[in-house]
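Trainee: Fold the following, please.
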Amino acid sequence: MKPGIVLPILLATFATSAFAKGLYVTGQVTHSNLSLDKHTFDNVLSNAGAAGINSSTDGSGDQWRLQAGYQFNPYFAIEGGYIDLGTADYKANFASGSAKGHEKAGGVDFAVLGIIPATDNLAIFAKAGLIAAKVETKLSSGSPAVDIKDSTTEVRPLIGAGVSWKVMQNVDLRFDYDHVAGLGKSSNAGRMDDNMVSAGIAYHF
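Mentor: The predicted structure follows:
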């Protein structure tokens, strides 16, 4: 095909700007880094009689998120959906045995996006909103005997930023960074913060 024919086709394909006005849906895979304050779990074990506690946490994992949104103009959009925030694992060894536990979270979010169209095909955005997160806590050990299962639902602020790159008429590649702080209100659960990066596809209707 001649260059004189290819160029108009490409220009037509990428003519509309990223984050086109109207309804869109987004599906993404995510990677979370949950920072869990382990001292609450340590204290539960200590109060139960465990001595010489040596504990650690691991909050790194891959999850998913689904969002639906509406863009009112080139600079403003709203969106909401479900985010799996991930799981932070807890392990402890002590004089009389060992313990395992975890804290996991996920929930429904709503956010407002402020958008800067950088080029016809690239947009940069910042967002702020709330997430109603269900936080599940589990901790168990044999000696001393500890068996905790707890679940709470709480509303926490969510902030983030990202970029959207249009690759087809109705399809964008989208990359997000999100931060949620202070998850875990139960007296048995340590507070944790979530730093999450996401990558996926947005489809505009």
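Trainee: Going along the chain, name the strands of this structure.
Mentor: Under the criterion DSSP state E, the chain carries strands at the ranges 22-36, 54-58, 60-73, 76-94, 97-117, 122-141, 146-166, 171-183, 192-204.
Trainee: Now render these as TSV, adding mean pLDDT, mean neighbour count and distance to residue 48.
Mentor: No exception for glycine: its C-beta is placed from N, CA and C like everyone else's. Listed next are the strands of the chain as TSV, based on pLDDT from 0 to 100; neighbours: other Cβ atoms under 10 Å; distance: least, Cβ to Cβ, whole Å:
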stretch	mean pLDDT	mean neighbour count	distance to residue 48
strand 22-36	95	18	19
strand 54-58	94	15	14
strand 60-73	95	15	28
strand 76-94	96	20	10
strand 97-117	96	19	9
strand 122-141	96	19	8
strand 146-166	94	16	5
strand 171-183	96	18	24
strand 192-204	96	19	22
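Trainee: Dump the ones you listed to CSV, plus distance to residue 45.
Mentor: Supplementary listing: the strands of the chain in CSV, determined by distance: least, Cβ to Cβ, whole Å:
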stretch, distance to residue 45
strand 22-36, 15
strand 54-58, 8
strand 60-73, 23
strand 76-94, 6
strand 97-117, 6
strand 122-141, 7
strand 146-166, 6
strand 171-183, 21
strand 192-204, 18
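Trainee: and of these, who's closest to residue 42?
Mentor: Across the strands of the chain, residue 42 has its closest neighbour in strand 54-58 (5.6 Å, Cβ to Cβ).
Trainee: Which neighbouring elements make contact with the closest one?
Mentor: Secondary-structure packing of strand 54-58 (3 or more Cβ pairs under 8 Å, 6 or more residues apart in numbering; DSSP states H and E): strand 76-94.
Trainee: who's in contact with residue 73?
Mentor: The contact partners of residue 73, by Cβ atoms under 8 Å, 6 or more residues apart in numbering, come to residue 21.
Trainee: Quick check: it vs residue 114, distance?
Mentor: Separation of residue 73 from residue 114 (Cβ to Cβ, to the nearest Å): 11 Å.
Trainee: Tell me who's in contact with residue 109.
Mentor: Shown in contact with residue 109 (Cβ under 8 Å, 6+ apart): 67, 80, 81, 82, 83, 129, 130, 131, 132, 158.
Trainee: go with 10 Å
Mentor: Residue 109 makes contact with 65, 67, 79-83, 85, 127, 129-133, 156, 158, 160, 178, 180, according to Cβ atoms under 10 Å, 6 or more residues apart in numbering.
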